[in-house]
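Student: task: produce atomic coordinates for the following.
(one chain, ligands or ions: 1)
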Amino acid sequence: MTNPTPEPNSPNTPLTDTNLVEDRSKLSKMYQHYVDMKDKYPHALLLYRVGDFFETFFQDAVTVSRELELVLTSKHGGDVGRVAMTGVPHHAWERYTTQLVEKGYAVVICDQVEDSADAIGLVKREVTRILTPGTLLEEGMLKASRNNYIAAVVIAVNHWGLAYADISTGEFLTSQGSNLDNLTQELMRLQPAEVLFPTNAPDLGSLLRPGETSPSLPQCLPPSFCYSLRSQVPFSQAEAKSKLLQKFKMRSLEGLGCEHLPLAVRAAGGLLDYIEDTQKANPVSLQLLRTYTLTDYLIVDHQTRRNLEITQTVRDGTFHGSLLWALDRTSTAMGSRALRRWLLQPLLEIKGIKSRQDTIQELIENTPLRQDIRQLLKQIYDLERLTVRAASGRANARDLVALADSFSRLPELSRLVANAKSPFLKALQKVPPVLEELAEKIQAHIVESPPIHLKEGGLIRAGINTLLDERKATVESDQQWIANLEVDERARTGIPTLKVGFNKTFGYYISISRSKSDQVPDNYIRKQTLTNEERYITPDLKEREARILTARDDLNQLEYQIFNALRDEVGNQAEIIRNVSRAVAAADVLSGLAQLAAHQGYCRPEMLTGREIEVIDGRHPVVEQSLPSGFFVPNSTRLGDKETNYRATEDTEGLSLYPDLVILTGPNASGKSCYLRQVGLIQLMAQVGSFVPARSARLGICDRIFTRVGAVDDLATGQSTFMVEMNETANILNHATLKSLVLLDEIGRGTATFDGLSIAWAVAEYLAVDIKSRTIFATHYHELNELATIISNVANYQVTVKELPDQIIFLHQVQPGGADKSYGIEAGRLAGLPPVVIQRAKQVMTQIEKHSKIAMGLQNLE
Ligand SMILES: Nc1ncnc2c1ncn2[C@@H]1O[C@H](COP(=O)(O)OP(=O)(O)OP(=O)(O)O)[C@@H](O)[C@H]1O
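Tutor: Residues are numbered from 1 along each chain as shown. As a prediction, the model looks like this:
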């Protein structure tokens with residue numbers, strides 16, 4: 001239930017703003033402490049531990065009540081009257097915090113750091129954790145199959161530095177570049193949960209939730225992310241550099257590859273400072289910083305990624321129906337995250353692609369090996385995240401057991417791949433002995449199914465620590481004494497209903513019904529009288545009880561210490577475990593791709609340094625999987641002359657080989673868009689190292705893939721369909737190269753026919769003649785077929801249909817030749833437009849074609 005915000009000025013309504021408290025000395029002690037803390041974190045929600053609850057007060061109470069639909073109450077706050085309050089049970093703080101962080105809030109946890117029983121005066125409280133969308137570690141708050149990135153951006157005129165990290169896995173990278181558009185594109189690839197931006201603005205420290213704007217944010221930063229506005233200080237060159245050197249215990253940044261990249265250093269240092277600040281006392285476990293450049297990878301811009309539906313569909317943004325969905329056959333969370341990363345960063349180097357292909361091939365050829373590896377991988381837990389939790393002191397006993405179970409699978413995995421030849425399998429042949437030792441140690445120390453809580457005992461096996469065993473024995477014998485007490489006392493007193501009980505207030509007691517209270521022995525001391533019973537204690541009982549309680553406390557403490565030492569041992573091996581996780585994740589991705597290739601009949605593409613793209617009987621990897629088997633019609637693609645100077649040749653099928661630009665025509669719904677995407681996806685999959693859905697493929701490496709598919713109004717920026725289309729086209733013409741693959745669908749549709757046709761013509765011509773990128777240009781303007789007669793490296797293809805008197809059958813076959821007519825009027829007829837309208841439309845079309853003389857005009861242009 002949501003409560004309305006109370007009127008702040010009314011004397012009877014609770015205070016909902018700390019700023020309305022004029023004299024803070026009138027607040028009770030606890031509230032004084034609270035407002036002091038709140039002053040330090042004005043832009044975060046402060047969850048303040050009071051007994052069994054995490055409470056929020058004042059303005060935070062109103063926000064939390066609204067966002068979580070909890071009841072807004074109030075509490076007496078001293079001489080200032082009542083204070084607004086909303087609380088959540090302390091054991092459920094993770095669930096509630098997750099919701100708040102998902103909504104884009106930062107949450108500060110201020111916990112009790114001493115037992116209230118031991119406190120003298122106000123219980124001591126401290127900020128133990130700051131949770132922001134980009135700094136989560138808690139398992140329940142993270143999605144297993146994707147990284148949770150936090151990024152930091154530094155901009156100097158039109159140069160930028162970008163660092164990013166996933167603190168749940170330890171990944172930490174930095175880069176620098178010179179075009180702000182590239183920065184935008186890189187952020188769109190990463191989809192960070194939070195972006196840090198240094199500023200001098202007065203709203204320093206604030207967290208802007210997605211969609212919120214600030215004058216401090218430059219235009220190139222997409223508004224769809226959370227931004228934390230930070231002070232410039234940690235982002236200064238000197239601070240950032242010394243922070244990095246200190247963290248990685250280095251004398252120079254040379255080893256990290258960013259010595260001469262000041263903006264990359266500033267971004268990385270500022271990011272590290274923030275991460276350390278939010279993790280408070282717990283150490284941050286990050287890998288060595290890696291420097292990268294955008295041109296290390298195939299460039300796929302955000303529009304193309306969206307159009308090719310790499311991680312989500314265009315229509316409804318779902319994962320189901322995306323390329324990732326179609327390809328993901330991984331068995332582990334690490335593999336699933338790695339596959340996503342690989343798809344978003346395809347390679348440029350043939351060597352890297354070939355080693356992935358070799359591994360897939362070996363796994364396809366050896367089915368039992370593939371099946372066994374996949375089976376075994378299913379038993380390996382998320383090593384990456386578990387290790388970070390261990391190294392940052394957050395892992396519980398179950399996490400360590402999961403790690404040990406996973407480590408103990410590694411020797412088996414290594415035996416499986418003992419004779420393997422391919423690089424990614426060979427990487428699994430050696431298991432670091434220390435991990436086997438750790439597995440054995442954890443299994444020897446920790447019980448099989450340990451409890452979640454670490455301070456309540458029950459974690460450590462017997463026989464590990466003599467002191468622990470002795471204390472356990474004392475507690476057990478005292479407990480046994482108490483267990484026997486009931487029987488002994490019944491016999492001694494002759495009262496058969498006598499019972500021994502325990503409650504938190506009195507500890508152990510002996511209970512006797514009131515009717516028998518005259519029979520109690522002399523050494524019984526009455527403690528409590530209830531309606532039907534009297535409760536007694538005895539000096540012996542109390543002595544045992546005190547011994548049990550103290551011994552149990554000591555016992556729990558000792559168990560916790562043993563556990564901590566073990567956890568630290570695991571944390572110390574973080575680097576080794578990370579290397580193993582990386583190898584396991586890669587093997588997982590590749591055995592998944594091998595499984596897919598084997599089941600779907602994919603082929604190994606031959607990767608070439610030239611410009612040729614030759615796909616025989618290619619299929620769309622996603623559409624194929626959504627249709628019944630055998631329904632998808634395969635189509636071939638031939639693009640890009642071996643020579644940059646095009647010479648038309650004929651192959652056996654009479655096709656013009658190697659055009660640079662293909663004009664693709666065909667009626668609505670015949671499959672043009674599907675074919676365009678198919679070509680783009682096959683190229684992208686090949687550069688990821690995957691096999692591809694085709695009979696055979698020879699593919700020249702592309703430097704970039706561009707697409708312009710379909711048109712949607714960009715309501716967010718208020719741009720019309722046509723302007724969006726023109727912007728995207730301009731971007732392609734300005735950046736495409738001889739080595740790019742360009743896929744264009746219906747350029748020029750959003751404006752008057754002749755404008756559109758003229759633009760489409762000029763764009764196609766420019767791509768074919770000036771840039772010579774490999775291009776497929778799908779269009780309804782069949783007039784563009786004329787281009788092939790004028791420009792030698794242009795060819796016409798069409799998606800064929802079969803016309804019957806009352807229906808069109810879609811054959812989905814891409815064949816040489818251009819459609820000589822548009823099927824729009826035919827489609828209108830099939831849709832039921834009145835015959836007279838159809839008749840008239842045909843008349844009008846004939847007239848237009850006769851009078852416009854477009855074809856002649858175009859030829860004259862030459
Ligand atoms: N090769 C194919 N084999 C089988 N079905 C196909 C094939 N290509 C496309 N289809 C089916 O045809 C439908 C229409 O395809 P697509 O959207 O690519 O048509 P289009 O020609 O681009 O249409 P429009 O011009 O209206 O955008 C798709 O949903 C798909 O299911």
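Student: make it CA atoms for all contacts and neighbour counts henceforth
Tutor: Will do.
Student: for the stretch 701-850 of the chain, what lies in contact range of the ligand?
Tutor: Where the stretch 701-850 of the chain comes near the ligand, counting by Cα under 6 Å from any ligand atom, the residues are His812.
Student: and the residue at the greatest distance from the centre of the chain, what's its pLDDT?
Tutor: Relative to the mean C-alpha coordinate of the chain, counting by Cα atoms, centre = their mean, the farthest residue is Asp518 (70.8 Å). Per-residue confidence at Asp518 stands at 85 (pLDDT).
Student: that one: what secondary structure?
Tutor: The assignment at Asp518 comes out as helix when based on DSSP: H, G, I helix; E, B strand; the rest coil.
Student: pLDDT at the closest residue to Lys354 other than its chain neighbours, what is it?
Tutor: The shortest distance from Lys354 to any non-neighbouring residue, by Cα to Cα, 6 or more residues apart in numbering, is to Gly689 (6.8 Å). The confidence metric pLDDT takes the value 98 at Gly689.
Student: swap in Met845?
Tutor: Listed pLDDT for Met845 reads 80.
Student: list the buried ones in the helix or strand containing it?
Tutor: Element membership for Met845 (DSSP states H and E) is helix 835-852. For helix 835-852, a neighbour-count test (16 or more other Cα atoms under 10 Å) marks Ile838 as buried.
Student: and for stretch 48-65?
Tutor: Of the residues in stretch 48-65, those buried (16+ other Cα under 10 Å) are 48-50, 53-65.
Student: for it, measure first residue to last.
Tutor: The first and last residues of stretch 48-65 sit 15 Å apart, counting by Cα to Cα, to the nearest Å.
Student: same thing with stretch 378-389?
Tutor: Distance across stretch 378-389, first residue to last, is 21 Å (Cα to Cα).
Student: and it, how far from the chain's centre?
Tutor: 16 Å (Cα atoms, centre = their mean, to the nearest Å).
Student: so who does the residue nearest to Lys354 touch?
Tutor: For Gly689, the set of contacting residues under the criterion of Cα atoms under 8 Å, 6 or more residues apart in numbering consists of Pro346, Leu347, Gly352, Ile353, Lys354, Ser355, Arg356, Gln357.
Student: what ranges of this structure fall below the confidence cut-off?
Tutor: Under the criterion pLDDT under 70, the flagged ranges of the chain are 1-12, 201-205, 641-657, 710-719, 750-753, 805-806, 820-822, 850-862.
Student: enumerate the residues of it near the ligand.
Tutor: So the chain meets the ligand at 631-634, 667-674, 812 (Cα under 6 Å from any ligand atom).
Student: among the residues you listed, name the ones in helices.
Tutor: Counting by DSSP state H, the part of the residues of the chain next to the ligand found in helices is Lys672, Ser673, Cys674.
Student: which one of the residues you listed has the most neighbours?
Tutor: Among these, the one with the most neighbours (other Cα atoms under 10 Å) is Lys672, at 24 neighbours.
Student: any idea how far Pro634 is from it?
Tutor: Here Lys672 is placed at a distance of 13 Å from Pro634 (Cα to Cα).
Student: what does His599 give?
Tutor: Taking Cα to Cα as the criterion, His599 is separated from Pro634 by 17 Å.
Student: which one's more surrounded, those two?
Tutor: Between His599 and Pro634, counted using other Cα under 10 Å, the more crowded position is Pro634 (19 against 10).
Student: contact partners for that one?
Tutor: By Cα under 8 Å, 6+ apart, the residues touching Pro634 are Asp617, Gly618, Arg619, Ala694, Gln813.
Student: helix, strand or coil for Lys739?
Tutor: When the structure is reduced to helix, strand and coil (three-state DSSP), Lys739 reads as coil.
Student: check contacts around it.
Tutor: Arg611, Ile701, Cys702, Asp703, Arg704, Ser773, Arg774.
Student: okay, and the closest residue to Thr330 other than its chain neighbours sits in which element?
Tutor: Counting by Cα to Cα, 6+ apart, Thr330 lies nearest to Gly592, which is 4.9 Å off, once chain neighbours are set aside. Secondary structure from DSSP H and E places Gly592 in helix 574-600.
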